[in-house]
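Visitor: Sequence and predicted structure, then a few things I'm wondering about:
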Amino acid sequence: MPRYQKLINESDSNAAAATVAQQQQQHHRYQQQQHKMPSVGYHLYLYRQQLAQKNVEYMRLSKAKYFITDTLLAKTVRNLKGCSVDELKTVNHQIVFRHKLRHQIQRLRKLKSLGIKNANPKMESTEL
């Protein structure tokens, strides 16, 4: 009887260890999914949601625009070999727009650090 009891206990502990290992793998997969960057479609969805709201969060809106522009620009730059002159001009305009967005986000961060919450990035500067 004691030997039989040992075998049962060992099989229970092996099953428990396998269950714990399986749970750890599932948790690890979940963690990996959480750290993936959201897709462009998801950012477009967030951008539209922000535009539909009454009180727009300008920082979130600008970040979404920047991510969308940056991602689409990266995809376009990978395929520059077969581009026409008009497409190269468009890429140049996108690069300038991305630079302006980056500057706008930095400006919003500075204003936030000064205590101005949710400042409109299109308002005129108070710099002299």
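Guide: Yep, that arrived.
Visitor: Residue 118 and residue 58 touch, don't they?
Guide: Yes. The pair residue 118 / residue 58 is scored as a contact, 6.0 Å apart, by Cβ atoms under 8 Å. C-betas here are computed from N, CA, C, even on glycine.
Visitor: neighbour count winner among those two?
Guide: Between residue 118 and residue 58, residue 58 has the larger neighbour count (other Cβ atoms under 10 Å), namely 19 against 13.
Visitor: Let me see the contact set for that one.
Guide: The contact partners of residue 58, by Cβ atoms under 8 Å, 6 or more residues apart in numbering, come to 108, 118, 119, 120, 121.
Visitor: got it, and residue 64?
Guide: 43, 44, 46, 47, 50.
Visitor: Buried ones among those residues?
Guide: 43, 46, 47, 50 (16 or more other Cβ atoms under 10 Å).
Visitor: which ones among the residues you listed are found in helices?
Guide: 43, 46, 47, 50 (DSSP state H).
Visitor: Can I get the residues you listed in a markdown table including distance to residue 70 and pLDDT?
Guide: Formatted as a markdown table, those follow (distance: Cβ to Cβ, whole Å; pLDDT from 0 to 100):
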| residue | distance to residue 70 | pLDDT |
| --- | --- | --- |
| 43 | 10 | 76 |
| 46 | 15 | 77 |
| 47 | 13 | 78 |
| 50 | 17 | 77 |
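Visitor: mind listing the helices in this structure by residue range?
Guide: Going by DSSP H, the chain shows helices at 2-35, 40-52, 58-78, 85-113.
Visitor: so where's this structure uncertain?
Guide: Along the chain, the parts satisfying pLDDT under 70 run over 1-38, 121-128.
Visitor: could you dump the ones in helices among the buried ones among the contacts of residue 64 to CSV with distance to residue 89?
Guide: Output for these, formatted as CSV (distance: Cβ to Cβ, whole Å):
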residue, distance to residue 89
43, 25
46, 29
47, 25
50, 29
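Visitor: can I have stretch 77-90 written out in PDB, keeping just the CAs?
Guide: Taking C-alpha atoms only, stretch 77-90 is exported to PDB below (Å, rounded to 0.1, in the frame of the first residue of the first chain):
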ATOM      1  CA  VAL A  77      10.700  53.900 -48.000                       C
ATOM      2  CA  ARG A  78      11.200  50.200 -48.300                       C
ATOM      3  CA  ASN A  79       9.800  50.300 -51.800                       C
ATOM      4  CA  LEU A  80      11.600  53.400 -53.100                       C
ATOM      5  CA  LYS A  81      13.300  51.600 -56.000                       C
ATOM      6  CA  GLY A  82      10.200  51.700 -58.300                       C
ATOM      7  CA  CYS A  83       8.900  55.100 -57.300                       C
ATOM      8  CA  SER A  84       8.200  57.900 -59.700                       C
ATOM      9  CA  VAL A  85       9.100  61.600 -59.200                       C
ATOM     10  CA  ASP A  86       5.600  62.400 -57.900                       C
ATOM     11  CA  GLU A  87       5.800  59.600 -55.300                       C
ATOM     12  CA  LEU A  88       9.200  60.800 -54.200                       C
ATOM     13  CA  LYS A  89       7.700  64.300 -53.700                       C
ATOM     14  CA  THR A  90       4.900  62.700 -51.600                       C
END
